[in-house]
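Below are the sequence and a predicted model; questions follow.
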Amino acid sequence: MSRIQPYLFPILGIAAVNGIFSPLVLPAAILMAPFLPGFFTSSVSVLFFLTSLVISTCTIMVAGVPAALFERVTGRKETDEVTMWIWLAGTAVISMPAVSRFFTVGF
């Protein structure tokens, strides 16, 4: 098992919580709806599910930017645990409003 693999599950979990409970879900759904085919906009559930996936994916991508910059600046040839901690911290910081909403609503 890789040294970085255990970090991926918390990153994905926090990003999923951000996708579901983010305060940006409704504005993002309103912005995305005119650009989607009719199948996605015919059902509100499908529209919000797709929006949740987009927000989760964007969270992972944006949170990876500081980790990638860290690797570039330090000249590392491969990803290590420090980079994964930076990525995890970036995901947690981006997801703070959604995580607080998650604990308010409950699961």
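Yes, it's here.

Show me where this protein has its helices.
Under the criterion DSSP state H, the chain carries helices at the ranges 5-21, 25-32, 38-42, 44-74, 81-94, 96-105.

Give the closest residue to residue 22 in space, chain neighbours not counted.
residue 98 (4.4 Å; Cβ to Cβ, 6 or more residues apart in numbering). Every residue, glycine included, has its C-beta placed from N, CA and C.

now residue 51
Counting by Cβ to Cβ, 6+ apart, residue 51 lies nearest to residue 29, which is 4.3 Å off, once chain neighbours are set aside.

mind checking how far the one you found is from residue 48?
6 Å (Cβ to Cβ, to the nearest Å).

For the two, indicate the residue with more neighbours.
Set residue 29 next to residue 48 and count neighbours by other Cβ atoms under 10 Å: residue 29 wins out with 21 against 15.

Test my guess that residue 50 contacts residue 33.
No. Using Cβ atoms under 8 Å, residue 50 is not in contact with residue 33; the gap is 9.7 Å.

Identify the contacts common to the two.
By the contact definition Cβ atoms under 8 Å, 6 or more residues apart in numbering, residue 50 and residue 33 are jointly contacted by residue 40.

buried residues in stretch 19-34?
For stretch 19-34, a neighbour-count test (16 or more other Cβ atoms under 10 Å) marks 19-22, 25, 28-29 as buried.

Give the lowest-confidence helix or strand of this protein, using mean pLDDT as the measure.
helix 38-42 (a mean of 76; mean pLDDT, DSSP states H and E).

Tell me the pLDDT of residue 19.
Each residue has a pLDDT score; the one for residue 19 is 95.

so what's the residue nearest the centre of the chain closest to, chain neighbours aside?
For the chain, the residue nearest the mean C-alpha position is residue 59 (2.8 Å; Cα atoms, centre = their mean). Distances taken as Cβ to Cβ, 6+ apart place residue 15 nearest to residue 59, at 4.4 Å, with adjacent residues excluded.

if we can go back for a sec, and the helices of the chain, which one averages the lowest pLDDT?
Lowest mean pLDDT of the helices of the chain: helix 38-42, a mean of 76.

I'm done for today, thanks for sticking with me.
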